[in-house]
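S.K.: Build the 3D model from these lines:
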Amino acid sequence: MWTVPNCITLFRVILIPVFVVVYFLDWRWAHEAGAFIFWLAAITDWFDGYLARKLQQSTPFGAFLDPVADKLIVGAALLMITHSYANLWITLPSIALLVREIYVSALREWMGSNGVRDAVKVSFIGKAKTTAQMLALIGLLSGLETFMGITIYWVSLGYILLYFSAVL
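M.R.: Next up, the predicted model:
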């Protein structure tokens, strides 16, 4: 159970309350710091899977915990942007993404109980959706359209990628 990839995944779970608290602090850079913590969690999502394969440390516990950690932090981020932006254009795709996350998790669990879990393995489209979703959430959480006087359109890109990931 205490493999390097599992410890990284547990670190991602521990980051969730830190991420939420930092984001809502009454501090000038709170949203940017929260977005950075979310980015760190997103990177660990890729890194723990890579290490599990590379070090041959895949475990049943890791296979269970990794998608749960992903759903928890993404769910928290979707709720946070829905609260922060408080508009229909964020709320609708956020609800669609949350519903799909729960549905896919339930489908995988049901398929696993029927012995055909491989029928719902992660596909390239799923990976593209996750990448778009993570980038969208980082942009929307940060609230940055400009950085050091330079227009970067991070929030605008976040809107586009949120809809893109909701459609995938």
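S.K.: and Ile160, how many neighbours does it have?
M.R.: Each residue near Ile160 was counted by other CB atoms under 10 Å, and the total is 15. No exception for glycine: its C-beta is placed from N, CA and C like everyone else's.
S.K.: can you check Trp46 too?
M.R.: Using other CB under 10 Å, Trp46 has 13 neighbouring residues.
S.K.: do Ala136 as well
M.R.: 27.
S.K.: Spatially, and excluding backbone neighbours, which residue is closest to it.
M.R.: Leaving aside its chain neighbours, Ala136 sits nearest to Leu161 (3.5 Å; criterion: CB to CB, 6 or more residues apart in numbering).
S.K.: Quick check: buried residues in the strand or helix carrying Trp110?
M.R.: For Trp110, the enclosing helix or strand under DSSP states H and E is helix 88-113. For helix 88-113, the neighbour count (16 or more other CB atoms under 10 Å) marks Ile90, Pro93, Ser94, Ala96, Leu97, Leu98, Glu101, Arg108 as buried.
S.K.: Can you lay out those residues as JSON lines showing pLDDT and distance to Ala33?
M.R.: Putting the buried residues of helix 88-113 into JSON lines (pLDDT from 0 to 100; distance: CB to CB, whole Å) gives the following:
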{"residue": "Ile90", "pLDDT": "96", "distance to Ala33": "20"}
{"residue": "Pro93", "pLDDT": "97", "distance to Ala33": "24"}
{"residue": "Ser94", "pLDDT": "97", "distance to Ala33": "21"}
{"residue": "Ala96", "pLDDT": "96", "distance to Ala33": "28"}
{"residue": "Leu97", "pLDDT": "96", "distance to Ala33": "23"}
{"residue": "Leu98", "pLDDT": "95", "distance to Ala33": "24"}
{"residue": "Glu101", "pLDDT": "90", "distance to Ala33": "25"}
{"residue": "Arg108", "pLDDT": "81", "distance to Ala33": "33"}
